[in-house]
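**Q** Quick one, structure for this:
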Amino acid sequence: MGRYLGLIVKATRLCNLRCTYCHDWRSGPNQTMSFPVLANMTARALSDPTHDTVEFMWHGGEPTVLPSSFYERAVYLQARMRRPGQTIYNTLQSNGTRIDGAWARFFREFQFRVSVSLDGPPAVHDRYRRYVSGRPSFDDVRRGLAALRENDVPISVLMVIDRGALELGPDAIFDFFVEEGITHYGLLAAKPTNQPDAPAGTPAPHYVTPAEMNRFLQAYFDRWLAHGDPSIWVREFDGLLKRLSGRDSSVCTLAGDCFGRYYLVEPDGPVAHCDLFDGDPAYTVGNILTDSFASFRNGPALVPLRTSNKQALSAMRACPEFDVCSGWCPHERYTASRHDPAYTGDCCGLQDLIGHMRSRLGLAAATAP
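**A** The predicted structure follows:
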């Protein structure tokens, strides 16, 4: 049976910003993907007979610190190695500061889907997202977004919700996006650096708990609903609305079992499950230079992770909203079990938000299975 493969590719760990909540950047040598790693990754991903659709998600660091020729080479490899009938997507997550007309034309020509990190109005964005020198980055991000618009590249934005955004509040952030003409975006709660051995309830900086985030999203949903513009697409709401109407969600956090479908590929070849578990060796599944995706799927690292995930999902099945959330993202549980004093294993943390959306939409309340 064919399936989807999502590769979160760290084309480089180098970055020109030093965002206060970010732990993805590195400095020093060997932080840019070599051609052997790029070629092996592409060949192994596309030759696997179970991979009908492969999405290369180019991340950093900041992926645009590399020249566009790096990605042109990647697309060439994909074209050479693609199997008949296989679908390939390229998406790129950028801080937007280096995007100019040339980059925008490249993205349009090679049909890259681009998401830009923008943390709301300057007062919030520049509080967290600054250059190595300390200079604020908002104005440069806005120029990058303008370059994408001018070259007809669809714009998607990702906003991290940290303390500054919570303090500013949902209404001001919603108004900001409307004023900027940004209609396609996701709202992502800030997460701390992974601490695999942290005891339950360990305090952590840059951590917005599920309860805090869901209160924010409930108010944001009310404002979005009252505004009444169907062209405004908010990732978190779209995913849950699809599930509430009995459809599949394209949001990976509502997939239930994402193990074996998403992988992180480092510049020098190590492969892990997803990029959210960065820094925890238990989630490293092999190396793209020496191992196949079949060995990743069936190997000694991923099998116990999948088993553990199934056990966690079983403990939540009595929640009346389980059919909607599918247990939410495994990393949400990973973080909450270590840092959220209110964490319990019988609820993923989305129940209040889903219930609020049901209420506002006039949908029947969920009943326990």
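
**Q** State the number of residues packed around R113.
**A** Look at R113: counted by other CB atoms under 10 Å, it has 15 neighbours. For the C-beta atoms, the positions are set from N, CA and C on the backbone; glycine is no exception.

**Q** show me the residues around F56 that make contact.
**A** Contacts for F56 (CB atoms under 8 Å, 6 or more residues apart in numbering) come out as L7, V9, A45, A74, Q78, I88, Y89, N90, T91.

**Q** mind checking which helix or strand the fifth one is in?
**A** According to DSSP states H and E, Q78 maps onto helix 68-81.

**Q** what mean pLDDT does the helix or strand just after that helix have?
**A** Using DSSP H and E, the next helix or strand after helix 68-81 towards the C-terminus is strand 87-94. Here strand 87-94 scores 98 as its mean pLDDT.

**Q** try stretch 34-46
**A** Per-residue scores along stretch 34-46 average to 98.

**Q** got it, and stretch 310-318?
**A** 96.

**Q** How far off centre is it?
**A** Chain-centre distance of stretch 310-318: 23 Å, with CA atoms, centre = their mean, to the nearest Å.

**Q** buried residues in that stretch?
**A** Within stretch 310-318, the residues that count as buried by 16 or more other CB atoms under 10 Å are A312, L313, M316.

**Q** CA atoms only for that stretch, dumped as CSV, please.
**A** The C-alpha trace of stretch 310-318 is given here as CSV (Å, rounded to 0.1, in the frame of the first residue of the first chain):
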residue,chain,number,x,y,z
LYS,A,310,0.2,3.2,20.9
GLN,A,311,0.2,2.7,24.7
ALA,A,312,-0.2,6.4,25.2
LEU,A,313,-3.0,6.6,22.7
SER,A,314,-4.8,3.7,24.4
ALA,A,315,-4.7,5.6,27.7
MET,A,316,-6.6,8.5,26.1
ARG,A,317,-9.3,6.6,24.2
ALA,A,318,-11.9,7.2,26.9
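
**Q** quick thing: my sequence starts at 17, can you match it?
**A** New numbering, starting at 17: the last item is stretch 326-334.

**Q** and the gap between R231 and L369?
**A** As for R231, its distance to L369 is 9 Å (criterion: CB to CB, to the nearest Å).

**Q** oh sorry, the question was meant for F275
**A** 24 Å.

**Q** Same check on S353?
**A** S353 sits 19 Å away from L369, taking CB to CB as the criterion.

**Q** Of these two, give the one with the bigger neighbour count.
**A** Shown here are S353 and L369; by other CB under 10 Å, L369 has more neighbours (25 against 15).

**Q** mean confidence for the strand or helix carrying that one?
**A** Using DSSP H and E, L369 sits within helix 367-377. The average pLDDT within helix 367-377 is 97.

**Q** now for that helix, which elements pack on it?
**A** Contacts defined by 3 or more CB pairs under 8 Å, 6 or more residues apart in numbering; DSSP states H and E place helix 367-377 against helix 226-243, helix 251-260, helix 338-341.

**Q** what does it contact?
**A** Here helix 367-377 makes contact (CB under 8 Å, 6+ apart) with 227, 230-231, 233-234, 237-238, 241, 253, 256-257, 260, 335-337, 340-341, 379-382.

**Q** Filter those down to the buried ones, PyMOL style.
**A** Here is the PyMOL command that selects the buried residues among those (16+ other CB under 10 Å):
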select buried, resi 230+231+233+234+237+238+253+256+257+260+335+337+340+341+382
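
**Q** Could I get the full set of strands for the protein?
**A** Assigned strands in the chain, in chain order: 19-26, 67-75, 103-110, 129-133, 171-177, 200-205, 249-250, 278-281, 286-289, 300-303 (criterion: DSSP state E).

**Q** okay if I get those as a markdown table plus distance to A271?
**A** Below are the strands of the chain laid out as a markdown table (distance: least, CB to CB, whole Å):
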| stretch | distance to A271 |
| --- | --- |
| strand 19-26 | 10 |
| strand 67-75 | 14 |
| strand 103-110 | 17 |
| strand 129-133 | 19 |
| strand 171-177 | 19 |
| strand 200-205 | 16 |
| strand 249-250 | 19 |
| strand 278-281 | 9 |
| strand 286-289 | 13 |
| strand 300-303 | 18 |
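
**Q** Can you tell me which of those is nearest to P52?
**A** Set against P52 and scored by CB to CB, the strands of the chain come closest in strand 300-303, at 11.4 Å.

**Q** Now the closest one: buried residues?
**A** Taking 16+ other CB under 10 Å as the neighbour-count basis, strand 300-303 is seen to contain the buried residues T300, V301, G302, N303.

**Q** Could you do stretch 357-373 as well?
**A** Applying 16+ other CB under 10 Å to stretch 357-373 flags Y359, C363, C364, G365, L366, Q367, D368, L369, I370, G371, H372, M373 as buried.

**Q** Pretty sure the first one sits against E348.
**A** Spelled out, it's Y359. No: look at Y359 against E348 with CB atoms under 8 Å: they stay out of range, at 9.7 Å.

**Q** okay, and the common contacts of those two?
**A** Taking CB under 8 Å, 6+ apart as the contact rule, Y359 and E348 both touch G365.

**Q** A298 reaches P316, doesn't it?
**A** No: judged on CB under 8 Å, A298 makes no contact with P316 at a distance of 10.9 Å.

**Q** what about the two, which has more around it?
**A** A298 (13 against 9).

**Q** ok, so what distance separates the more buried one from R333?
**A** Using CB to CB, A298 is found at 25 Å from R333.

**Q** one step back: what's the closest of the strands of the chain to A216?
**A** Between A216 and these, the shortest gap by CB to CB is with strand 200-205, which sits at 19.0 Å.

**Q** tell me which residues of stretch 184-195 are tucked away?
**A** If you call a residue buried by 16+ other CB under 10 Å, then stretch 184-195 has these buried ones: L184, P186, I189, F190, F192, F193.
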